[in-house]
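S.K.: Sequence first, then the predicted structure, then my questions.
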Amino acid sequence: MSGEADKVGGKLKQAAGDLTGNDELEREGERQEAAGKVKDGVDKAKDKVNDAVDHVKDAANN
């Protein structure tokens, strides 16, 4: 599941937990949303590393 999907799913669980008074579901949603944020951060970091590697490769070829 992508980071964005985890964040949305987590928010939905939080809302459902809040509406039904299910604290466990609400906490599960919070954890899922946090996991989505972490996944997004990791993806951004990987993109930056890949960009840096490409830049070095381009510089080495010139």
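M.R.: Structure received.
S.K.: What sits closest to L25 if chain neighbours are left out?
M.R.: Take L25 and drop its neighbours on the chain: the residue closest to it by Cβ to Cβ, 6 or more residues apart in numbering is G17, 3.4 Å away. For glycine as for every other residue, the C-beta is placed from the backbone atoms N, C-alpha and C.
S.K.: quick one: the one you found and E24 touch, right?
M.R.: Yes - in this structure, G17 sits in contact with E24. The criterion is Cβ atoms under 8 Å, and the distance is 7.2 Å.
S.K.: about what we covered before: okay, now the residue nearest to L25: neighbour count?
M.R.: Neighbour count for G17, taken as other Cβ atoms under 10 Å: 18.
S.K.: element containing it, please.
M.R.: Assigned by DSSP states H and E, G17 falls within helix 3-20.
S.K.: so how far is that helix off the chain centroid?
M.R.: Helix 3-20 sits 14 Å away from the centroid of its parent chain (Cα atoms, centre = their mean, to the nearest Å).
S.K.: Averaged pLDDT, the helix or strand where D51 lies. What do you get?
M.R.: Secondary structure from DSSP H and E places D51 in helix 23-61. When the per-residue pLDDT values of helix 23-61 are averaged, the result is 96.
S.K.: quick one on the thing from earlier: contacts for the helix holding G17?
M.R.: For helix 3-20, the surrounding residues in contact (Cβ atoms under 8 Å, 6 or more residues apart in numbering) are 1, 22-40, 42-43.
S.K.: Just the buried residues of that helix, please?
M.R.: Of the residues in helix 3-20, those scored as buried under the neighbour-count criterion (16 or more other Cβ atoms under 10 Å) are G3, D6, K7, G9, G10, K13, Q14, G17.
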